[in-house]
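Asker: Fold the following, please.
(one chain, ligands or ions: 1)
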Amino acid sequence: MSNESVEDAQPTEDGSLTLRDPETGELYHNRAGAYAEALANFVEPLNLSGLASANDQLAFLDVCFGLGYNTFCLLNELAKLELKADSIKIVAIEKFQKPLPYISRVLSDNRFQLLQKQILSQAPGLAAGQFGHSEFSLQCRQGAVRVNFEICQADLREVVPQMVAYHSGIFDGIFHDPFSPRRAPELWTIDLFECYKQLLCQPNGKVVTYSSASAIRGAFKQCGLMVRRTTAVGGKSGGTLAMLPSANNSEEQGLPLLAEEMAKLSGRAGVPYRDAQFCKTSREILKAREAEQKLLFPY
Ligand SMILES: C[S@@+](CC[C@H](N)C(=O)[O-])C[C@H]1O[C@@H](n2cnc3c(N)ncnc32)[C@H](O)[C@@H]1O
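Answerer: The predicted model follows:
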C-alpha cells in the first residue's frame, strides 16, 4: 500500500472521520468515533455552561489540531449556550499540512451543519484547510459572537514554551491530543505540562486529554494540578482532566480516580517523562525515565 492510501480518511463507528498516521501506525481517533471522543474526552470535561455564564472572554488552545474535531465540537457546543463573552479565541497548533485539507469533509457532517454554513461563508480559507488567521461570527443563543481563530504550523515542543511569555494565564481550556505517550513520549513531558499550567486562566482553567496513562496523570499531579478521570469512549478507560487547585466546585468536575489508579500515581508507573530543554529524542526520554524509576523504586 502506498503512503497516500494508508493516510486516507476512514469512517469511525459514529460516522465521523479519522486518518491513520503512517509513521506511528496509529489512528488519529478512537475507533468508536472521532466526534464521540472529541465530545466526551475534550469538550464536556471543560464544563462549558459554567464558562458561558462566568467569563467575559473565552480562549482555548488546541494542541495537535489534526482534523479539528476538538475545536469544531467545542464551537458547536458553545453555539448552543447563552454566552456572557462577546468573543472566542482559538489558538491551534499542528505540525503537518496533511490533515488540514480534510476540514471541509469534517464540517460536512450533519452535526456541524450550522457551524459549516458560518465558516464556509465567512472563513473560506479555514474551510479549505489553510494555516493562519481567520475570523467569523458564530451564532450563539444570545446573538453573534466573534471567533478569532489561528492555526499555527509548528512543532508543539517549540511553540508551547514560547507561548508562556505572551499568552500566560489566558486559556480556559487546553486540548492535548498528540499520538500516544508510548510512541511519542517527547510530546507528553512534565516540562510541557508546566507550561500549560502557566497558560491556564485562573481559577478554572483546565487541560484535557484522551490518555489515562499513569505517567501522564503522575506528571500533572507533580505539576500541582488536580487530576480527575473523564468518561470512557468505546471500551477505553476514559481520559484525563487536570485542573488548577483553585478551580471552583472541583469535586463536581469529571470523575474521581479509582483507588488503584490513584495508588499508581505515587509509584513506579507515575514517574513522568522529562525533557527540560524540549530537545531530547523519544529514546533518550524513555531511557532516562527507566533510570529514574530504578532509582526511586529499586525493588
Ligand atoms: C491524534 S492526532 C490529533 C487529532 C485531532 N485533534 C483531531 O481532532 O482530528 C495527532 C495530531 O498531531 C499532529 N502532530 C504530530 N506531531 C506533532 C508535533 N510535534 N507538534 C504538533 N503537532 C503534531 C499530527 O499531525 C496529528 O494531526
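Asker: where exactly do the helices run in the chain?
Answerer: Secondary structure of the chain, counting by DSSP state H: helices at 3-7, 34-37, 48-54, 69-78, 103-107, 113-122, 124-127, 156-166, 190-199, 214-222, 259-265, 282-296.
Asker: Which neighbouring elements make contact with the third one?
Answerer: Applying 3 or more CB pairs under 8 Å, 6 or more residues apart in numbering; DSSP states H and E, one finds that helix 48-54 makes contact with helix 69-78. (Glycine included, C-beta is placed from N, CA and C.)
Asker: What of the second one?
Answerer: Other helices and strands packing on helix 34-37, by 3+ CB pairs under 8 Å, 6+ apart, are helix 69-78.
Asker: which residues sit against the helix it packs on?
Answerer: 16, 29, 34-35, 37-39, 42-43, 46, 48, 52, 58, 60, 62, 65, 88, 90, 92, 106-107, 111-112, 114-115, 138, 140, 145, 147, 149, 173, 175, 177 (CB atoms under 8 Å, 6 or more residues apart in numbering).
Asker: one more time with 6 Å
Answerer: With contact meaning CB atoms under 6 Å, 6 or more residues apart in numbering, helix 69-78 is reached by 34, 38-39, 42-43, 48, 62, 90, 112, 115, 175.
Asker: Emit the ChimeraX select command for whichever of those residues are buried.
Answerer: This is how ChimeraX selects the buried members of those, with burial counted by 16 or more other CB atoms under 10 Å:
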select :34,38,39,42,43,48,62,90,112,115,175
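Asker: how about the contacts of helix 69-78 in TSV, adding pLDDT?
Answerer: Written out in TSV, the entries for the contacts of helix 69-78 read as follows (pLDDT from 0 to 100):
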residue	pLDDT
34	97
38	97
39	96
42	97
43	98
48	95
62	98
90	98
112	97
115	97
175	98
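Asker: would JSON lines of the contacts of helix 69-78 with distance to the ligand be doable?
Answerer: As requested, the contacts of helix 69-78 are exported to JSON lines (distance: CB to the nearest ligand atom, whole Å):
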{"residue": "34", "distance to the ligand": "6"}
{"residue": "38", "distance to the ligand": "6"}
{"residue": "39", "distance to the ligand": "11"}
{"residue": "42", "distance to the ligand": "8"}
{"residue": "43", "distance to the ligand": "11"}
{"residue": "48", "distance to the ligand": "17"}
{"residue": "62", "distance to the ligand": "7"}
{"residue": "90", "distance to the ligand": "13"}
{"residue": "112", "distance to the ligand": "13"}
{"residue": "115", "distance to the ligand": "14"}
{"residue": "175", "distance to the ligand": "7"}
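Asker: circling back: lowest mean pLDDT across the helices of the chain, which one is that?
Answerer: Among the helices of the chain, helix 3-7 carries the lowest mean pLDDT, a mean of 44.
Asker: Next to the ligand in this structure, residues from this protein, please.
Answerer: With CB under 6 Å from any ligand atom as the criterion, the chain comes near the ligand at residues 28, 38, 64-70, 93-96, 99, 155-157, 177-179, 187.
Asker: what about 5 Å?
Answerer: For the chain, the residues in contact with the ligand (CB under 5 Å from any ligand atom) are 28, 64, 66-67, 69-70, 95-96, 99, 155-156, 177.
Asker: Tell me which two of these sit farthest apart.
Answerer: Pairwise distances across the residues of the chain next to the ligand peak at 20.9 Å for 69 and 155 (criterion: CB to CB).
Asker: Mind checking which of those two has more residues around it?
Answerer: Neighbours were counted for residue 69 and for residue 155 using other CB atoms under 10 Å; residue 69 has more, 29 against 14.
Asker: re the thing from before, list just the nearest of the residues of the chain next to the ligand to residue 223.
Answerer: Looking at those and their distance to residue 223, the nearest is residue 156, at 16.7 Å (CB to CB).
Asker: That closest one touches residue 63, doesn't it?
Answerer: Yes: assessed by CB atoms under 6 Å, residue 156 is found in contact with residue 63 at 5.3 Å.
Asker: Roughly how far does residue 55 sit from the ligand?
Answerer: Per CB to the nearest ligand atom, to the nearest Å, residue 55 is found 23 Å from the ligand.
Asker: What distance do you get for the spatially closest residue to that residue that is not a sequence neighbour to the ligand?
Answerer: Distance criterion CB to CB, 6 or more residues apart in numbering; nearest residue to residue 55, sequence neighbours excluded, is residue 85 at 5.4 Å. Between residue 85 and the ligand the computed distance is 23 Å (CB to the nearest ligand atom).
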